[in-house]
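Participant: for reference, the sequence and a predicted model appear below.
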Amino acid sequence: MSEQAQKPIIGISMGDYNGIGPEVILKALQGNHLNKHFTPVIYGSMRVLNRYKHLYDMKDWQLNPAPSADQLNLKMVNVITCFDDSQTNVEPGKVQPEAGQAAFQSLSKAVEDLKAGLISALVTAPINKYNIQSEEFKFPGHTEYLAEEFQSSEYLMFMVSERLKIGVVTGHVPLGRVRSNISQEAVSKKLNQIIKSLHKDFGINKPRIAVLGLNPHAGEDGLLGNEEKEVIIPVIDQYRKNNHLVYGPFPADGFFGASNWKKFDAILAMYHDQGLMPFKMLAFEDGVNFTSGLSIVRTSPDHGTAYDIAGKNLADHSSMLHAIYTALDIVRNREQWDEIEADKAERANATPPTVEIPTQQERDPKLGDELPRERPQSREDRPHREDRRRENRSNREDRPSREDRQKREERQPREEQEDRMGREIVSSEEVIIEVTQPTAAEVIETLPEATENAIEESPTAENQSRREERGNDRPRREDRQNRNNRFQRNNNTQNNQERREDRQNRQEPSPSAETPNSEDQQPRERPRREDRQNRNNRFQRNNNTQNNQERREESPNRQERRDAPRQQQQPKQENRRIQESPEETQRKLLEISQSLLFAKTPPKPKSDENPEA
């Protein structure tokens, strides 16, 4: 797919070149930063746009002069000159008939390319509704002219933004003729246009719509007018019956003053100023004028020519930018809507597949003489529900009771277990004989014995009967578990009893420590944690002192052994070779035990002990 087929082409008519139209167009498209989303093409004059470029210091940005809409540069902003601009005199802020005629010629060329399908949408810059009037243009605005060109009788001037959407029943109509143009048919057509546009152009499936009243305070139940009771309320009731979320009529002042407009997706006003005045106050910067009900997409900014600020570089281009983006979004939403509708139509027109039952000759010959599967019975041929229930109940009565089934299941596992036990014993012996792999020498030496043992160990009738008797005498798994649990409980009870007796013996005082008042004495309390720690520390210090004293006593003996001549010591190899007698070994063991016993007892201090020792 080519790049031109991927990106839509948006046409922009220049409008009155003495107003702010050229200024907001150049500011919105400056820098070619929008070309990645669509290809813009301006219908107007290359000379006029260059004049405003130099006026607003946009010299570094270049425009592409295109001869027609099918010869565009996709990477630049294209300009198609629609009138003879050689004698054009640009005077910002002045009303000139030449500017009105140039605006009409630019609009006419854009509509021509729009009908030919060369552009996807049209964005119109503001025009002066007075100087554009001519024999060819006798309309109050863009909306009526486009409805005439595209032959649409049901159209709607729809003011849209991200937060607020308002449509009007009577557009550019004098206030004196508003009442004569409001009828049930006109209100119903505008409501229908709002619902379709919200579905197709904005992707809202179930919109909530509020309808404003014509008279002050919505007529006050006929006190200030009967238009609400006679025209508006019957239409609302009819749409409510058709499952549409339409509410009203609401008085305009209280509706916008209490911010109730935030609860609805769209609002239908009765005349121009009733809808556009609150819309421009709430969404002037991002508001867009969208002509709904046409086969093409047309948007425009929600402001006019603004002659008072034209040429002063004061115009805000945000509304023009939102008009371009809104046109682009509506083009994409309509493409998705057309795809969905095409899929629905294809499913509706598609015929369901027919299933043919093969005849006797067409059946597979591999099946032989088998008859084809019977067709399901019709509802009339099927048995009644009560008959089916009676048949199911009789089948349940033939089944054995739950108690009989449980008894049979309890008996069955015991018999199967005995048979399985005998099979497992035999199979295990056979597996052991087969898996054992002795060495070659063992096989040669014990070959006759192995064969005899294998013959003896083969299952015989006598061994089988013996195993069955052993299996019958063996208690069941539940009995063995109960017996083990009883044995464990008895052991636990015995251990608990022994612990209680030991605890009582520890609490009872010894006979040697009895005193005359021993019966009145209470059992000794357990010492505190601090006392136990102090006692343990004292015991450890005494042991350390005793060990140090033993080392000091042994040090002279160790020194004497170190200084003794080596000739008196026998070599270790000779000691290993000499075999001692049992009496001598016993004597040495006795001496070692006595030395260990004396070493543990603390030595008594000697008065004549050598101080050096």
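Facilitator: Sure thing, it's come through. Numbers count the residues shown, from 1 in each chain.

Participant: ok, L146 - how many residues close by?
Facilitator: When neighbours are defined as other C-beta atoms under 10 Å, L146 has 21 of them. The way it works is simple: take the backbone N, C-alpha and C, and place the C-beta from them, glycine included.

Participant: tell me the mean pLDDT for whichever strand or helix holds it?
Facilitator: Per DSSP states H and E, L146 falls inside helix 142-149. Helix 142-149 carries an average pLDDT of 91.

Participant: I'd like the next helix or strand past that helix.
Facilitator: Assigned by DSSP H and E, the successor of helix 142-149 is strand 156-160.

Participant: and the helix or strand hosting M281, which residues are buried?
Facilitator: In the assignment (DSSP H and E), M281 maps to helix 272-282. Of the residues in helix 272-282, H272, Q274, G275, L276, P278, F279, L282 count as buried by neighbour count, 16 or more other C-beta atoms under 10 Å.

Participant: between those residues, which sits nearest L34?
Facilitator: F279 (25.5 Å; C-beta to C-beta).

Participant: buried residues in stretch 235-250, which are they?
Facilitator: V235, I236, Y239, H244, V246, G248, P249, F250.

Participant: looking at these, which are in helices?
Facilitator: Counting by DSSP state H, the buried residues of stretch 235-250 place V235, I236, Y239 in helices.

Participant: what sits closest to the last one if chain neighbours are left out?
Facilitator: The spatially closest residue to Y239, leaving aside those adjacent along the chain, is V246, at 4.3 Å (C-beta to C-beta, 6 or more residues apart in numbering).

Participant: ok, the one you found touching I236?
Facilitator: Yes - between V246 and I236 there is a contact at 5.3 Å, judged by C-beta atoms under 8 Å.

Participant: anything in contact with each of the two?
Facilitator: V211 (C-beta atoms under 8 Å, 6 or more residues apart in numbering).

Participant: re earlier: just checking, what packs against the helix holding L146?
Facilitator: Where contact means 3 or more C-beta pairs under 8 Å, 6 or more residues apart in numbering; DSSP states H and E, helix 142-149 is packed against helix 97-116, strand 288-292, strand 298-301.

Participant: count the residues that sit near Q586.
Facilitator: Neighbour number of Q586 under other C-beta under 10 Å is 11.

Participant: check which residues of the host helix or strand of it are buried.
Facilitator: Assigned by DSSP H and E, Q586 belongs to helix 582-600. By 16+ other C-beta under 10 Å, helix 582-600 has no buried positions at all.

Participant: before we move on, what about stretch 53-73?
Facilitator: Quick answer for stretch 53-73 (16+ other C-beta under 10 Å): K53, L55, M58, L63, N64, A66, A69, L72.

Participant: what's the farthest-apart pair in those?
Facilitator: Of all pairs in the buried residues of stretch 53-73, the most separated under C-beta to C-beta is L55 and A69 at 27.3 Å.

Participant: leaving out the residues flanking it, which one is nearest to D302?
Facilitator: In space, and not counting its chain neighbours, D302 is closest to G287: 3.8 Å by C-beta to C-beta, 6+ apart.

Participant: who touches that neighbour in this structure?
Facilitator: M159, V160, S161, L164, F279, K280, P301, D302, S319, H322.

Participant: so can I have CSV of those showing distance to N547 and pLDDT?
Facilitator: What follows is these, written out as CSV (distance: C-beta to C-beta, whole Å; pLDDT from 0 to 100):
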residue, distance to N547, pLDDT
M159, 104, 94
V160, 100, 95
S161, 97, 93
L164, 98, 94
F279, 103, 93
K280, 104, 91
P301, 104, 93
D302, 104, 88
S319, 101, 92
H322, 97, 94
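
Participant: buried only: go through those residues for me.
Facilitator: Buried, going by 16+ other C-beta under 10 Å: M159, V160, S161, L164, F279, P301, D302, S319, H322, out of the contacts of G287.

Participant: wait, isn't the first one in contact with P301?
Facilitator: Meaning M159. No - if you go by C-beta under 8 Å, M159 and P301 don't touch, sitting 11.0 Å apart.

Participant: what about E149, how many neighbours?
Facilitator: E149, neighbours per other C-beta under 10 Å, totals 17.

Participant: that one against L107, yeah?
Facilitator: No - under the criterion of C-beta under 8 Å, E149 makes no contact with L107, lying 9.6 Å away.

Participant: which residue packs closest to N192, ignoring adjacent ones?
Facilitator: E154 (7.6 Å).

Participant: for that neighbour, give me its contacts.
Facilitator: K189, N192, Q193, G293 are the contacts of E154 under C-beta under 8 Å, 6+ apart.

Participant: PyMOL command for the buried members of the residues you listed?
Facilitator: To isolate the buried members of the contacts of E154 in PyMOL, using 16+ other C-beta under 10 Å:
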select buried, resi 189+193+293
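
Participant: pLDDT, distance to I309 and secondary structure added to the contacts of E154, as a markdown table?
Facilitator: Below are the contacts of E154 laid out as a markdown table (pLDDT from 0 to 100; distance: C-beta to C-beta, whole Å; DSSP: H, G, I helix; E, B strand; the rest coil):
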| residue | pLDDT | distance to I309 | secondary structure |
| --- | --- | --- | --- |
| K189 | 93 | 38 | helix |
| N192 | 94 | 39 | helix |
| Q193 | 93 | 34 | helix |
| G293 | 90 | 33 | coil |
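
Participant: nice, that's everything, thank you.
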